[in-house]
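1. Prediction below, plus the sequence it came from.
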Amino acid sequence: MTDDYPRTLMELERRFATEEACAAYLAGLRWPQGFCCPACDGADAWRTSRGLWSCRGCGRQTSVTAGTIFGDSNLPLRLWFRAIWQVVTQKDGASALGLQRVLGLGSYRTAWSLLHKLRRAMVRPDRDRLLGVVEVDETYLGAPESGKSGRQPGAKTLVVAAVECVGTRQLGRIRLRQVRAANAQQLQAFVTDTVAAGATVKTDDWAGYRGLADQGYDHRPVPMRVSPATGEAVLPRVHLVFSLLKRWLLSTHQGAVRHSHLDYYLDEFTFRFNRRKSASRGKLFYRLLQHAVEIAPHPYWTLRGGKTAEPHQAVVT
C-alpha cells in the first residue's frame, strides 16, 4: 500500500468523498495484513451497520479510529483528511488561524487542537537513529538576557540538534529536542536516544559532551575558543539547521511558542526537514496518516498541559 495515496487535491476530493472511503483507507493502514482484534488477536471479523469490526472469536466490536489520534475526535474523517493534506502541502507549515479559515472550522480552538494532534503524529514511535558522521550542538531560542552569558540557564529555551553529514556539504536527517540544561545528563541522553552506537559524533569541547566515547561513539570534539563565525564553520550543518529553524518559527508562528509546546513544533520541523526532498506531497499525506493510526488519542486538556499555569513564551530572535 506504500504507493496507494492521492497525488493531487482533486484526486483527494474524489477518492475520499465519503466517511466510508476514509475509514476503509485507515483500516488498510492500521491493519495492513488484515483485521486483528485488539482483544484476542483474532483475524475473522464482519462489518456492522455502524461500520464497526465485530470479531467472530470474542465478539468485541472495534472502530478503526479507536486507540488512534482520531479516537477522541467528533470531527468527520473527511475533514481530518483535508486538514492533513493542507498541512503537508504547505511548504512552511500551517497555522491554526490559517487552517480554520481554509477548512471553515467554527472555532480557533478546534483548529489549534487538530494541528497539535497532528504534530504528535509526526514522530514515528520506532524511528531509526542517525548513522555515520553526526554533528551535535545546542542553541538558545529567546531574546538576550541581561546578566546571562554562554550556557547559563534563564528564561530562554535551550534546544539541542543532531545532523547527519552526507558527503562533503550535504545534510541528512536531523533530530531536535528541548533540554533543561547543557549538562552531561541531558546532552548525552539526547545523543544516545537519537544517534546509533558506533557513529562518529562531532561536537565542540563543552564538558557536557565528555564521556560520549565511553557510550560507544567515535567522539571528535572540536576546540571552540574561537569567534562565533569560526564556530559555525567548524560545525556548519548543525548551525545551518538552527538558522532554518529560527527562520521557520519566526515566519510561520511569529516567533512565539510556549515552552510546553515547543517539542511538538520541533517534531513538525523535523518531519518536514527530513522529507524536504520528497517529490510527492501525497507521500507525506500517506506517511502522516500512517503515523496517526499508531498514536494514542490526545484529549484537548492534555494538549493544553492540564490545569497548569500559562508558561512563558520562547520568543525567537
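-> Thanks, I have it.
2. Flag the shaky bits of the protein, pLDDT-wise.
-> 1-2, 142-155, 225-233, 252-258, 305-317 (pLDDT under 70).
3. again, 50 this time
-> Filtered on pLDDT under 50, the chain yields the residue ranges 231, 306-317.
4. ok, which stretches of it are helices?
-> 9-15, 19-30, 77-89, 96-103, 108-120, 184-194, 228-234, 236-253, 259-274, 281-292, 300-303 (DSSP state H).
5. I'd like those laid out as TSV, including distance to His219 and mean neighbour count.
-> For glycine as for every other residue, the C-beta is placed from the backbone atoms N, C-alpha and C. Below are the helices of the chain laid out as TSV (distance: least, C-beta to C-beta, whole Å; neighbours: other C-beta atoms under 10 Å):
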stretch	distance to His219	mean neighbour count
helix 9-15	47	14
helix 19-30	40	17
helix 77-89	37	20
helix 96-103	41	16
helix 108-120	32	20
helix 184-194	9	18
helix 228-234	15	12
helix 236-253	15	18
helix 259-274	23	20
helix 281-292	32	20
helix 300-303	38	14
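6. Minimum distance to Gly208: which of these has it?
-> Comparison of the helices of the chain against Gly208 by C-beta to C-beta identifies helix 184-194 as nearest, at 4.2 Å.
7. will you turn the helices of the chain into a markdown table that also has distance to Val133?
-> Output for the helices of the chain, formatted as a markdown table (distance: least, C-beta to C-beta, whole Å):
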| stretch | distance to Val133 |
| --- | --- |
| helix 9-15 | 39 |
| helix 19-30 | 34 |
| helix 77-89 | 30 |
| helix 96-103 | 38 |
| helix 108-120 | 29 |
| helix 184-194 | 13 |
| helix 228-234 | 14 |
| helix 236-253 | 10 |
| helix 259-274 | 17 |
| helix 281-292 | 26 |
| helix 300-303 | 37 |
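8. Distance check, the residue nearest to Cys165 when sequence neighbours are not counted against Gln188.
-> Spatial nearest neighbour of Cys165, excluding adjacent residues (C-beta to C-beta, 6 or more residues apart in numbering): Val133 at 4.1 Å. The gap separating Val133 from Gln188 is 18 Å, by C-beta to C-beta, to the nearest Å.
9. Check Asp126 too.
-> Using C-beta to C-beta, Asp126 is found at 22 Å from Gln188.
10. just Gly98 next, same as before
-> 39 Å.
11. Please apply the same query to Ile174.
-> As judged by C-beta to C-beta, Ile174 and Gln188 stand 18 Å apart.
12. State the number of residues packed around Trp46.
-> 10 (other C-beta atoms under 10 Å).
13. Contact partners for the residue nearest the centre of the chain?
-> Residue closest to the mean C-alpha point of the chain, counted by C-alpha atoms, centre = their mean, is Asp267 at 2.6 Å. By C-beta atoms under 8 Å, 6 or more residues apart in numbering, the contact list for Asp267 reads 119-120, 122-123, 176.
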